[in-house]
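Colleague: mind looking at a prediction? Sequence and model below.
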Amino acid sequence: MKLRSFSSLIFGLGLGLALTATSAAQDGTPSSADARRVLAPQPLPDGKPHTFRVDGDQFTLDGKPFRVISGEMHYPRIPREYWRARLKMARAMGLNAVTTYVFWNEHEQTPGTFDFSGNNDVAEFIREAQQEGLWVILRPGPYVCAEWEFGGYPAWLEKNPATVVRSSDPNFMLPATRWIKRLGQELAPLQVGNGGPIVLVQVENEYGSFGDDHAYMQANKQALIDAGFTKAQLYTADGPDVIAKGSLPDLPVGINFDGNHVGEAEKSFARLKAIRPVGPMFNSEFWAGWFDHWGGKHAHTSTETQAANLKWILEQGASVSIYMFHGGTDFGWMNGANSNDTLKPYEPDVTSYDYDSALDESGRPTPKFFVFRDVIAKATGVTPPAVPEAAMPIAVASFTLTESASLWSNLPLPIESSAPLAMEDVGQAYGWILYRTHNLVPSRPAELVLDPKDYAAVYANGTLAGTLDRRLRESKLKIAEPEAANTSVALKLDILVENEGRINYSHQLRGERKGLGQFVTLNGDSVAGWQMYPLPMLHPETLKYSKADCSGPCFYRGSFTVDRLGDTFLDTSNLGKGQLWVNGHALGRFWKIGPQKTLYVPGPWLKQGANEVVVFDVEGRPGATLEGLTKAVLGEDR
């Protein structure tokens, strides 16, 4: 089904001056013969209470037609010191709103303890958006997907294996409802009806792609209402083909679709109108880029195709949120992973969430930014504010990691168990975990079979025997014969396992526990008697470093000096696989398989003079060097 052509639109002064359909044709598509209404100049948030709701086929603010032109960006993916700069860039591209998810696992890292400080101060992010003249679309979850660790769920939900996340299971819904209630204390006062900028609040997130339990969706809606989200417009968002599964009959529907396909906007809105003949035309996620997986290629999408789809959307007077306007960075351990069941069972995402978006990972405008800016300006008749100047990144001369600390010499006290315990069983969310068992006397060569979640380096009597990679469906490893002819030599196994990021999409996110499964076999016999060493690696700067050489799984330390502060991109090409910190800030993961070869270092996290770098590299070697580049290396040039 194709949309009928629309009559030419009339634009005047004010952001979002466009004509909007007020009725629909018999086949569910907007009709060119429908009556039109000219949108009045779109007001900016002024701190006064307003009403925002749906009236027929459009959103209204204080009873007057209102069109949202938004862009998505996420507060934890941006250093707090840069929030305002990114918001100014949003206004400069012609946006009148920003969209953000709220990430449960950032705020409630242990049950019942909530953190809204520092980079978690989502209320301040929203207040700054209002101060910069932007409305806000809030996506509180509790499930967010977002290529984020476990789709935003806290890892402790998996401590009880019986918990069924994203369902009506009380083991899940009780903590999820508690979380939404606590979030309401922070953000309900910032709704448009209270004088704040939040005009739209999403119920759950793309649930139609996951299931069709409408009682579960209704419970999520009620949780938001009970938490005080009653003075903004609630809505659901789904792909055009699964609206019926994920929507609620009394709420407007936003549709999410890929702007990288020619004519996709027209086709997607036709499907929306076929199911919902009356209601606002709202593209709640306009995918204007894509994300990267380790071992894959850097996404490079068609700005020309995206611009054509965006132009069509705006010409219809529809509302839109560009996903992503600015992607940012999955600092620390927060990247997620995809799973396509048997086709591609596990695809961990890289640290960068650049997304090939209008603003690059460090917040600088790309050619796409200016193309979109022009499209929006022509569709609205409004010249946006001038584009702020962004300070140039700085280069950092090559420096050597001169100190080291062996992982083997810095293990915590072990936890004893007859069978391997998952990370969640021992209260660990992220990082690595070491499994050790000894006094084995198998015939050799021996075959080890295990189920690593997600990457395992296996050591036999202290020597690396090989690695197992979940991405490649690897679960078996041959343990070679000992150098001595006597095969009765006792065998000590060390299995060092990394959580590379919990799955954030599809039913595969259920039961996504990390570490080793309960059953490890050697030559077909179950292995019992384990010591487990949790390695969350929260404070590697506290280890005892020395000048001694270290190879294999090691921590390394060095420093570099800067005369002026500015962003830089640390080149990790000389490293293997691990994690990197600068001045105590966890920048994220690196892996020699790429495509990402640099880690973004925000200028505010540096200091004039010496800056400390700590690296954990499971494939470590002495004398590794790093340098700071003035441009990210993500696999392919834009």
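Modeller: That came through fine. Numbers count the residues shown, from 1 in each chain.
Colleague: now do stretch 140-150: distance to the chain's middle.
Modeller: Relative to its chain's centre, stretch 140-150 lies at 7 Å (C-alpha atoms, centre = their mean, to the nearest Å).
Colleague: can I get that stretch in PDB? Just the C-alpha atoms.
Modeller: What follows is stretch 140-150, C-alpha atoms only, in PDB (Å, rounded to 0.1, in the frame of the first residue of the first chain):
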ATOM      1  CA  PRO A 140      11.500   5.500  31.000                       C
ATOM      2  CA  GLY A 141      11.400   1.800  30.200                       C
ATOM      3  CA  PRO A 142      11.900  -0.100  32.400                       C
ATOM      4  CA  TYR A 143      13.100  -2.000  29.200                       C
ATOM      5  CA  VAL A 144      14.900   0.300  26.800                       C
ATOM      6  CA  CYS A 145      16.900  -2.000  24.400                       C
ATOM      7  CA  ALA A 146      19.200   0.900  23.100                       C
ATOM      8  CA  GLU A 147      22.100  -1.500  22.400                       C
ATOM      9  CA  TRP A 148      22.700  -1.100  26.100                       C
ATOM     10  CA  GLU A 149      23.700  -3.800  28.600                       C
ATOM     11  CA  PHE A 150      20.800  -6.100  29.300                       C
END
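Colleague: how far away is the residue nearest the centre of the chain from M537?
Modeller: With distances taken as C-alpha atoms, centre = their mean, W148 lies nearest the centre of the chain, 3.2 Å away. Applying C-beta to C-beta, to the nearest Å, the value for W148 to M537 is 20 Å. For the C-beta atoms, the positions are set from N, CA and C on the backbone; glycine is no exception.
Colleague: give me the below-cutoff pLDDT ranges for the stretch 501-638 of the chain.
Modeller: Where the stretch 501-638 of the chain drops to pLDDT under 70, the residues are 637-638.
Colleague: likewise for the chain?
Modeller: Along the chain, the parts satisfying pLDDT under 70 run over 1-41, 341-342, 482-488, 637-638.
Colleague: again, only this time at 80
Modeller: For the chain, residues meeting the criterion pLDDT under 80 lie at 1-41, 341-344, 442-444, 481-489, 636-638.
Colleague: return the set of buried residues in the lengthiest helix in it.
Modeller: Using DSSP state H, we find that the single longest helix of the chain is helix 170-187. For helix 170-187, burial by neighbour count (16 or more other C-beta atoms under 10 Å) applies to 172-173, 175-180, 182-184, 186-187.
Colleague: pull the distance from that helix to the chain's centre.
Modeller: Centroid separation for helix 170-187 versus its chain: 21 Å, with C-alpha atoms, centre = their mean.
Colleague: which residues in the stretch 201-350 of the chain form helices?
Modeller: Using DSSP state H, counting those that start in this stretch, the helices of the stretch 201-350 of the chain run over 214-226, 243-246, 264-275, 303-315.
Colleague: including distance to Q131 and mean neighbour count, could those helices go into a markdown table?
Modeller: Output for those, formatted as a markdown table (distance: least, C-beta to C-beta, whole Å; neighbours: other C-beta atoms under 10 Å):
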| stretch | distance to Q131 | mean neighbour count |
| --- | --- | --- |
| helix 214-226 | 25 | 17 |
| helix 243-246 | 34 | 18 |
| helix 264-275 | 32 | 20 |
| helix 303-315 | 26 | 20 |
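Colleague: and of those helices, who's closest to V527?
Modeller: V527 lies closest to helix 214-226 among the helices of the stretch 201-350 of the chain, at 40.2 Å (C-beta to C-beta).
Colleague: which one of the buried residues of helix 170-187 sits closest to I495?
Modeller: F172 (30.5 Å).
Colleague: please name the residues that touch that closest one.
Modeller: L157, T163, V164, V165, R166 (C-beta atoms under 8 Å, 6 or more residues apart in numbering).
Colleague: equivalent analysis for V242, please.
Modeller: G208, S209.
Colleague: list the contacts of G296.
Modeller: By C-beta under 8 Å, 6+ apart, the residues touching G296 are E347, P595.
Colleague: for it, give its distance to G588.
Modeller: According to C-beta to C-beta, G296 stands 17 Å off from G588.
Colleague: now do N338
Modeller: For N338, the distance to G588 (C-beta to C-beta) stands at 18 Å.
Colleague: likewise for A465?
Modeller: 28 Å.
Colleague: of those two, who's got more company?
Modeller: Taking A465 and G588 together and counting by other C-beta atoms under 10 Å, G588 has the greater number of neighbours (23 against 18).
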